[in-house]
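Below are the sequence and a predicted model; questions follow.
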Amino acid sequence: MGAVTYPNEAVITFINEKVVPLRIGSAEQPAKDFSINWTPALLILDKNGKEHHRSIGFLEPEELISAIVLGIGKMHYDAGEFKEAITFFEKIVDKSPGSDSAPEAVFLAGVSRYKSTKNALPLKEAYEHLLKEYPLSPWAKRASPYRLL
C-alpha cells in the first residue's frame with residue numbers, strides 16, 4: 001500500500017485530520033501482541049488499545065478511507081455511542097456506497113438505530129436497503145431475519 005494508497009492525497013489528508021496513525025513492522029512486539037500474521041493489516045484501536053476493526057490485505061485509497069470510517073463507527077458502536085456510530089456509518093453509505101465497507105455500514109446503522117430507539121423498523125429498513133443494493137452481500141444474509149419484522 002506504500003506505493004499506491006498511502007501517497008494518495010485524499011488518504012494523507014484524511015489520516016492527518018481524523019486518526020493517529022502508527023506504522024509497525026511485522027516483526028515488532030505490537031504486531032505479535034495483536035496477532036498480525038499477514039500484512040498490510042489495518043487495525044482500529046481506541047485510546048485504551050482495544051481493537052474495534054481489522055482489515056487484512058491491500059486496500060485502494062477509497063477503500064482504506066471507508067475501512068477507517070467503518071472502524072471509527074464500530075468503535076462508537078462498541079462504546080454504546082449509537083448516534084455517533086450512525087454518523088460514521090452514514091458517511092460510508094452516502095459517500096462511498098460502492099465500497100466493500102458499505103454493506104456492513106448499512107447493517108450496523110440499522111442495528112444502531114434500533115439500539116438507540118428500541119424501534120425495530122430500522123432493522124427491517126436496513127434489510128430492505130441491503131436486499132436492494134447489496135443482495136449478494138453476507139450482510140444481507142445476516143439481516144434476513146429482519147424481513148419478518
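Happy to help now that I have it. Numbers count the residues shown, from 1 in each chain.

Please, where are all the helices along the chain?
9-18, 29-33, 61-78, 82-95, 102-117, 121-133, 138-143 (DSSP state H).

which helices and strands does the first one pack with?
It stands for helix 9-18. Applying 3 or more Cβ pairs under 8 Å, 6 or more residues apart in numbering; DSSP states H and E, one finds that helix 9-18 contacts helix 61-78. For every residue, glycine as well, the C-beta is placed using N, CA and C.

For the helix it packs on, what is the distance to the chain centroid?
Relative to the mean C-alpha coordinate of its chain, helix 61-78 is positioned 3 Å out (Cα atoms, centre = their mean, to the nearest Å).

Kindly report the same for stretch 133-145.
16 Å.

quick one: contacts of that stretch?
Stretch 133-145 is contacted from outside by P97, A102, P103, E104, V106, F107, G110, L123, A126, Y127, L130, L131, using Cβ atoms under 8 Å, 6 or more residues apart in numbering.

Just give the number of residues close to the fifth one.
Counted with other Cβ atoms under 10 Å, residues neighbouring V106 total 27.

Right, I'll leave it there.
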